[in-house]
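K.L.:
the sequence and its predicted three-dimensional model are supplied below.
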Amino acid sequence: MTLARVILFGIIFSINVVSLSALEKITLGGLFPVSNRGEGDIDCGSINNVGLQRLEGMLFALDLINADPSLLPGVSLGARLYDTCKRETYALEQTIEMISYDLQQDSSAYVCPNGSAAVRVEDQAGQSVTGVVGAASSSISQPVASILRLFQIPQISYASTSPELSDKMRFDYFLRVVPPDTFQSQAMFDIVKFMGWTYVSTVAEAGEYGENGIDAFINLTRNSGKVRIMILVRSLISKKQLK
């Protein structure tokens, strides 16, 4: 990791936003849980290493693409990356900040104190976001997708697995590179049937991801037809217990 990149991370943690060079022709947005949820009124808490690694992975991918002129000839990719802090309301604020250029393109409604018409200044941050990578949690990706679709901005998530995000009537600009929870639940159910198990217990992490996944699995066992599968114990483990 270069010294410049380390300094860049320092900027992320202090203002929760990274703005790269303004010379890019295509700017991508990114939403990553670089920080954990803060306590009380504090939005952001300690550093989340997994989110940090994912952010670094996107920057690394952009570096590779920009370094190979055969991939996107004549095109340079840049990014504006934001920390979600694992908090829905904070992530929405960051999303609004990300697309603020699109919200402020029309300056005709503004008048300067001297009465003259306002003229928009094209600064370094003044580039529309072409697409957004993220977010991690489905609970964050859903409201973010609802905002981005209004501006017809594509969104690709690397970790959101909620089946609700497959509804193209609501999330028509949302895509993801991971399967929804229903696929994982179906795979677990198929394994149980293949092994001939009729009594099983479930263990999941408390929260949207774990609970929804187990709910989908239990629904499959209830509609298994001739195969009778009984759930003996259903356990939920909090993140504190995992530690």
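P.N.:
Cool, the structure landed.
K.L.:
please tell me how far Phe183 sits from Ala216.
P.N.:
9 Å (C-beta to C-beta, to the nearest Å). To be clear about C-beta, it is placed using only N, CA and C from the backbone, and glycine gets the same treatment.
K.L.:
quick one: which of the two has more around it?
P.N.:
Under the criterion of other C-beta atoms under 10 Å, the comparison of Phe183 against Ala216 puts Ala216 first, with 19 against 13.
K.L.:
before we move on, what SS does the nearest residue to that one once chain neighbours are set aside have?
P.N.:
Closest residue in space to Ala216, ignoring its immediate chain neighbours: Ser185 at 3.7 Å, by C-beta to C-beta, 6 or more residues apart in numbering. Following DSSP: H, G, I helix; E, B strand; the rest coil, we place Ser185 in the helix state.
K.L.:
which residues in this structure form strands?
P.N.:
In the chain, the strands defined using DSSP state E lie at 17-19, 26-32, 35-37, 44-47, 77-83, 129-133, 155-157, 174-176, 199-205, 230-237.
K.L.:
dump the second one to CSV, keeping only the CA atoms.
P.N.:
In this case it means strand 26-32. The C-alpha coordinates for strand 26-32 follow below in CSV (Å, rounded to 0.1, in the frame of the first residue of the first chain):
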residue,chain,number,x,y,z
ILE,A,26,-16.4,8.4,-16.2
THR,A,27,-17.0,8.7,-12.5
LEU,A,28,-18.3,5.7,-10.4
GLY,A,29,-19.8,6.0,-7.0
GLY,A,30,-19.1,3.6,-4.2
LEU,A,31,-20.8,2.8,-0.9
PHE,A,32,-18.7,0.8,1.6
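K.L.:
residues contacting it, please?
P.N.:
Contact with strand 26-32 is made by 51-52, 54-55, 58, 62, 75-84, 91, 94-95, 98-99, 127-136, 140, 144, 153, as judged by C-beta atoms under 8 Å, 6 or more residues apart in numbering.
K.L.:
same thing but at 7 Å, please
P.N.:
51, 54-55, 58, 75, 77-84, 91, 94, 98, 127-136, 144 (C-beta atoms under 7 Å, 6 or more residues apart in numbering).
K.L.:
adjacent strands (with direction) for that strand?
P.N.:
Partner strands for strand 26-32, per DSSP bridges, with pairing direction: strand 77-83 (parallel), strand 129-133 (parallel).
K.L.:
most tightly surrounded among these?
P.N.:
Mean neighbour count (mean count of other C-beta atoms under 10 Å) peaks for strand 77-83 among the strands paired with strand 26-32, with a mean of 23.
K.L.:
can I get the CA coordinates of it in PDB?
P.N.:
The C-alpha coordinates for strand 77-83 follow below in PDB (Å, rounded to 0.1, in the frame of the first residue of the first chain):
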ATOM      1  CA  LEU A  77     -12.300   5.700 -14.700                       C
ATOM      2  CA  GLY A  78     -12.500   7.600 -11.400                       C
ATOM      3  CA  ALA A  79     -14.500   7.200  -8.200                       C
ATOM      4  CA  ARG A  80     -16.300   9.000  -5.400                       C
ATOM      5  CA  LEU A  81     -16.400   6.600  -2.500                       C
ATOM      6  CA  TYR A  82     -18.500   7.000   0.600                       C
ATOM      7  CA  ASP A  83     -18.600   5.400   4.000                       C
END
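K.L.:
shift numbering so it begins at 26
P.N.:
Got it, first residue is 26 now, which makes that one strand 102-108.
K.L.:
quick check: mean pLDDT across that strand?
P.N.:
If you average the pLDDT over strand 102-108, you get 93.
K.L.:
mind listing what's buried along stretch 197-205?
P.N.:
Tyr198, Phe199, Arg201, Pro205 (16 or more other C-beta atoms under 10 Å).
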